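[1] Below are the sequence and a predicted model for it; my questions follow.
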Amino acid sequence: MDMRDIAQRGIVLLGCGKMGSALLEGWLKTGLPVASVHVLEPAPSDWLKATGVHLNGPLPATPAMALLAVKPQMMGAALPRLQALGGGGTVFVSIAAGTSLQAIEDALGVGTPVVRVMPNTPAAVGRGISALIGNARVSPDALALAQQLMAAVGETVLLDSESQMDAVTAVSGSGPAYVFHLIEALAAAGVAQGLPEEMATRLARATVCGAGELAHQSPESAAQLRINVTSPGGTTAAALGVLMNETDGFAPLLARAVQAAADRSRELGQ
């Protein structure tokens with residue numbers, strides 16, 4: 001299975017909100033024929049209507065793939081529209097958080113190939129990262145194709161087991177919120193040191209975004225990049241003395257936060 005199968009047999013996209021739209025835009029930019037895409041979306045945006053894809057119409061009999069991009073709480077109501085495609089040659093790709101491979105296969109029928117994906121919100125600007133795991137029915141070629149589809153909005157990683165998905169959720173799925181809060185906290189600290197709020201916010205935002213881009217482009221490790229900024233006995237070293245405290249520094253705090261997110265992910269998945 002490869003992109004030619006999708007071009008010939010079609011792909012169904014169930015849900016075209018922010019994530020679905022980002023994926024669709026990426027697919028079309030990489031050359032997927034508009035005529036191969038069938039979208040089911042009860043509240044289509046003007047952008048979606050203008051793409052020329054098949055919208056809320058009849059579905060192909062055996063599409064190569066069906067991507068489930070609805071919220072987890074909407075999954076139960078949405079899946080019946082695709083049940084006729086289950087248990088056959090259509091590979092289902094789900095980005096619904098907390099919905100297990102087994103739950104999706106149970107809803108669609110025994111024997112349905114299912115790939116579960118955890119993306120994150122930077123996918124909206126093509127800088128996301130998605131973790132994938134397939135059930136036993138998914139062939140290596142199909143998993144590689146699902147990976148290629150998700151690569152339209154950023155990087156991808158393959159998991160060894162579904163049990164790792166809770167950790168992925170806690171690190172990269174929820175992680176953008178941690179970074180946004182870092183911007184908030186850094187700006188507030190700047191205000192506390194006498195900066196105007198607008199200036200502190202601009203400095204914090206640009207610093208975090210710039211450091212992230214430097215980490216993205218540099219071949220050096222994050223640890224080495226940190227060392228590069230840190231002069232012995234200087235201002236950065238003073239700050240890191242607080243942040244890197246083994247008892248109440250940033251690392252143990254973040255470890256507790258990620259643990260809380262992972263625990264909650266496990267609870268929601270039960």
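    Received the coordinates, thanks.

[2] From now on I want contacts and neighbour counts done on CA atoms only, so please keep to that.
    Noted.

[3] And the helices in the stretch 51-200 of the chain?
    72-78, 101-108, 140-150, 165-168, 175-192, 197-217 (DSSP state H, counting those that start in this stretch).

[4] Just name the most buried of the ones you listed.
    helix 165-168 (a mean of 22; mean count of other C-alpha atoms under 10 Å).

[5] tell me the mean pLDDT over that one?
    Averaged across helix 165-168, pLDDT comes to 97.

[6] helices and strands around that helix, which ones?
    Packed against helix 165-168 by the contact rule (3 or more C-alpha pairs under 8 Å, 6 or more residues apart in numbering; DSSP states H and E) you find helix 250-268.

[7] Just the C-alphas of the helix it packs on, formatted as PDB.
    Extracted in PDB, the C-alpha atoms of helix 250-268 (Å, rounded to 0.1, in the frame of the first residue of the first chain):
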ATOM      1  CA  PHE A 250      12.500  22.700  37.000                       C
ATOM      2  CA  ALA A 251      13.300  19.000  36.300                       C
ATOM      3  CA  PRO A 252      11.500  17.500  39.300                       C
ATOM      4  CA  LEU A 253       8.600  19.900  38.800                       C
ATOM      5  CA  LEU A 254       8.200  18.900  35.100                       C
ATOM      6  CA  ALA A 255       8.600  15.200  36.100                       C
ATOM      7  CA  ARG A 256       5.600  15.600  38.400                       C
ATOM      8  CA  ALA A 257       3.600  17.400  35.800                       C
ATOM      9  CA  VAL A 258       4.300  14.800  33.100                       C
ATOM     10  CA  GLN A 259       3.400  12.100  35.700                       C
ATOM     11  CA  ALA A 260       0.100  13.800  36.400                       C
ATOM     12  CA  ALA A 261      -0.700  14.000  32.700                       C
ATOM     13  CA  ALA A 262       0.200  10.400  32.100                       C
ATOM     14  CA  ASP A 263      -1.800   9.200  35.000                       C
ATOM     15  CA  ARG A 264      -4.800  11.100  33.800                       C
ATOM     16  CA  SER A 265      -4.400   9.700  30.300                       C
ATOM     17  CA  ARG A 266      -4.500   6.200  31.700                       C
ATOM     18  CA  GLU A 267      -7.700   7.100  33.600                       C
ATOM     19  CA  LEU A 268      -9.400   8.500  30.600                       C
END
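
[8] Could you tell me which residues within it count as buried?
    257-259, 261-262, 265-266 (16 or more other C-alpha atoms under 10 Å).

[9] Between helix 175-192 and that helix, find me the angle.
    140 degrees (axes from the mean of the first three to the mean of the last three C-alpha atoms, to 10 degrees).

[10] Return the distance of helix 250-268 from the chain's centre.
    18 Å (C-alpha atoms, centre = their mean, to the nearest Å).

[11] List the residue ranges of the chain that fall below the pLDDT cut-off.
    Within the chain, no range satisfies pLDDT under 70.

[12] Skip the chain neighbours and tell me the closest residue to residue 221.
    Of all residues not flanking residue 221 in the chain, residue 215 sits nearest, at 7.8 Å (C-alpha to C-alpha, 6 or more residues apart in numbering).

[13] my guess is that neighbour meets residue 222, correct?
    Yes - Residue 215 is within contact range of residue 222, at 6.6 Å (criterion: C-alpha atoms under 8 Å).

[14] How about the contacts made by the residue sitting nearest the centre point of the chain?
    The centre of the chain sits closest to residue 119, judged by C-alpha atoms, centre = their mean, with a distance of 1.3 Å. Counting by C-alpha atoms under 8 Å, 6 or more residues apart in numbering, residue 119 touches 95, 128-131, 172-173.

[15] any idea how far residue 100 is from it?
    When distance is defined by C-alpha to C-alpha, to the nearest Å, residue 119 is 15 Å away from residue 100.

[16] ok, now residue 91?
    To residue 100, residue 91 is 15 Å away according to C-alpha to C-alpha.

[17] what does residue 207 give?
    With distances taken as C-alpha to C-alpha, residue 207 is found 38 Å from residue 100.

[18] where exactly do the strands run in the stretch 1-150 of the chain?
    11-14, 37-40, 54-55, 65-68, 91-94, 114-118, 128-134 (DSSP state E, counting those that start in this stretch).
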